[in-house]
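**Student:** With the sequence up front, the predicted model follows.
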Amino acid sequence: METNQSSSLERSVNLTIPLNQVQEEVARRLKQLSKTAKMQGFRPGKVPLSLLEKQHGGQLHQEVLGDLAQNHFYQVIKDNNFRVAGYPSYDANPEHKEEATIGLIAKFEVFPEIVIGDLKAVTINRPVTEVSDADIDRTLDILRKQRVSYTLVDRAAQNEDQVIIDFKGFLDNEPFEGGEAKNYHLVLGQNQFLPDFEANVVGMKKEESKTFEITFPTDYQAPNLAGKTVRFEVQVHEVKEPHLPAIDEEFARSVGIEGGDISKLRADMRKNLEREVKNRIKSKVKDQVMQALLDSTPIEVPQFSLSQETQRIRQNTLADLESRTGKKPSFDLPDTLFTDQAKRRVSLGLILGEIITKESLSAKPEQVRSLIEEMASAYEQPEDIIRWYYQQKDRLQEAESVVLEDNVVEWFCGQVNTVDVPTPFEELVGKE
């Protein structure tokens, strides 16, 4: 068996299969088939082999040749320690001349050899963040705004007010789709509409009408409006000002605190924020580690693996769109949209796999249990979540994969410079 290398990852091997081996196996399968074969004019199991060969011989020959080619190919893999990516393709060998044998060429890809690059110059910045009372106050304000109520006022509208309006838009003096609504509830200053639209409504009073023009951004999501100047006619029916609930026992009960204990509310809030901080720090460190691994260990990705991952991401994206909209998308998404993301995922998967093997890393049962308990602690009934994970092997494997990645990150941070960087809470988690 002769092996050839056509590129860094592409290989081909010449397979030679004895013709008599094919014929003997075809004959054996025909004999086996004859025991149960049915054909008009013959009793079951009594169909002549010559008729069976005429009817099924061609198909059996192809099946046997495929099976023998696969057996020969697997022997080549074993003898050469190939790490095959995907499946081989088989073609007739045009240079094969022996009449007593069949010559095939098996073409396939192998996974790249991975050598982790020099990590001495790598620095990982680890955020250090403390949850302060002010952070708890800001989070409570967010909860208050989620429970805002509005009351009618007799004055000009201002930011944070809710206005009930009718509006109608005109493009080139013609109404356009999506440009009209009646009794629309708009909260000013929250960028529900374009800033220029809201700015024109600020200052309007009850029963006041106004006509104005705004220009849509050039990158606006609706192509027919992008960069265009549109005229709007707006009428205000009501102006309402916001009222935030006080942080009292009633408020505490409304967010799930039994008995309305404010101190318990703040304690639970701190616990939740500290869990969020821990997760954000972990995520930011992991992102840096993954990027550093990609930068230090450039590899060529097998086309088979790249294609498989591209299709997986594409199908997941379409399924997500369908779940969000409630209907199957009427458009398709080209593979090129997902190629870069797929290449990154495949590359990282290969690099992580190499580190896990080389460093003998594993997901210890106690680590998996600890992770699941931590995730479950965010729910009201954590015991149910823990049981849910352990009830199905696939879910448990997902947790094990996360632990393995965490172990790689920990190993990596032990090989490089790690610097603690004091980071404000809002900078770490972002402003809501």
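**Tutor:** Great, that's in hand. Everything quoted here is computed from the prediction, not taken from an experiment.
**Student:** Which secondary structure element is home to the closest residue in space to Leu294 that isn't next to it in sequence?
**Tutor:** Closest residue in space to Leu294, ignoring its immediate chain neighbours: Ser347 at 6.1 Å, by CB to CB, 6 or more residues apart in numbering. To be clear about C-beta, it is placed using only N, CA and C from the backbone, and glycine gets the same treatment. Element membership for Ser347 (DSSP states H and E) is helix 339-358.
**Student:** distance between that helix and the chain's centre?
**Tutor:** In terms of CA atoms, centre = their mean, to the nearest Å, the centre of helix 339-358 is found 15 Å from the chain centre.
**Student:** average pLDDT for that helix?
**Tutor:** Helix 339-358 shows an average pLDDT of 96 in the prediction.
**Student:** which helices and strands sit right next to it?
**Tutor:** Packing partners of helix 339-358 (3 or more CB pairs under 8 Å, 6 or more residues apart in numbering; DSSP states H and E): helix 262-296, helix 303-325, helix 393-413.
**Student:** Would you mind pulling the contact partners of that helix?
**Tutor:** Residues outside helix 339-358 that contact it (CB atoms under 8 Å, 6 or more residues apart in numbering) are 111-112, 114, 116, 290, 293-294, 297, 299, 301-302, 305-306, 309-310, 312-313, 361-362, 404-405, 407-408, 411-412.
**Student:** What ranges does the stretch 151-300 of the chain have for its strands?
**Tutor:** With DSSP state E, counting those that start in this stretch as the criterion, the stretch 151-300 of the chain has strands at 162-171, 174-187, 209-215, 229-243.
**Student:** for those, which one sits closest to Asp135?
**Tutor:** For those, the distance to Asp135 is smallest for strand 229-243, at 22.9 Å, taking CB to CB.
**Student:** one step back: got CSV for the strands of the stretch 151-300 of the chain, with mean neighbour count and distance to Lys393 too?
**Tutor:** Converted to CSV, the strands of the stretch 151-300 of the chain look like this (neighbours: other CB atoms under 10 Å; distance: least, CB to CB, whole Å):
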stretch, mean neighbour count, distance to Lys393
strand 162-171, 18, 51
strand 174-187, 13, 47
strand 209-215, 13, 56
strand 229-243, 17, 50
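**Student:** re earlier: between the helix holding Ser347 and helix 303-325, how big is the angle?
**Tutor:** 120 degrees (axes from the mean of the first three to the mean of the last three CA atoms, to 10 degrees).
**Student:** buried residues in helix 339-358?
**Tutor:** Of all the residues in helix 339-358, those buried under the rule 16 or more other CB atoms under 10 Å are 342-343, 345-348, 350-352, 354-356.
**Student:** just stretch 243-257 next, same as before
**Tutor:** Buried residues in stretch 243-257, counted by 16+ other CB under 10 Å: 247, 251-252, 257.
**Student:** for it, how far is the first residue from the last?
**Tutor:** One end of stretch 243-257 sits 22 Å from the other (CA to CA, to the nearest Å).
**Student:** Which residues outside that stretch are in contact with it?
**Tutor:** So stretch 243-257 is in contact with 140-141, 143-145, 147-151, 259-262, 264-265, 268, 380, going by CB under 8 Å, 6+ apart.
**Student:** returning to that earlier point: and the contacts of helix 339-358, which of them are buried?
**Tutor:** For the contacts of helix 339-358, a burial check counting by 16+ other CB under 10 Å picks out 111-112, 114, 290, 293-294, 297, 299, 301-302, 305-306, 309-310, 313, 361, 404-405, 407-408, 412.
**Student:** contacting residues for the residue nearest to the spatial centre of the chain?
**Tutor:** What sits nearest the mean C-alpha location of the chain, by CA atoms, centre = their mean, is Ile313, with 6.5 Å. Counting by CB under 8 Å, 6+ apart, Ile313 touches 338, 341-342, 345.
**Student:** With distance to Asn80 added, can I get these in a markdown table?
**Tutor:** Below are the contacts of Ile313 laid out as a markdown table (distance: CB to CB, whole Å):
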| residue | distance to Asn80 |
| --- | --- |
| Phe338 | 33 |
| Gln341 | 33 |
| Ala342 | 28 |
| Arg345 | 28 |
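**Student:** What pLDDT is listed against Ala37?
**Tutor:** As predicted, Ala37 sits at a pLDDT of 81.
**Student:** wait, doesn't it sit right on Gly45?
**Tutor:** Yes. Ala37 is in contact with Gly45 according to CB atoms under 8 Å; the separation is 7.1 Å.
**Student:** Same drill for those two, tell me which one is more crowded.
**Tutor:** The neighbour comparison of Ala37 against Gly45 (other CB atoms under 10 Å) goes to Ala37, with 19 against 10.
**Student:** Name the helix or strand for the more buried one, please.
**Tutor:** Per DSSP H and E: nothing holds Ala37, as it lies in no helix or strand.
**Student:** List the residues that contact it.
**Tutor:** 44-45, 47, 52.
**Student:** how about a cut-off of 7 Å?
**Tutor:** Counting by CB atoms under 7 Å, 6 or more residues apart in numbering, Ala37 touches 47, 52.
**Student:** measure it to Gly66 for me?
**Tutor:** In this view, Ala37 and Gly66 are 22 Å apart by CB to CB, to the nearest Å.
**Student:** do the same with Ser307
**Tutor:** With distances taken as CB to CB, Ser307 is found 22 Å from Gly66.
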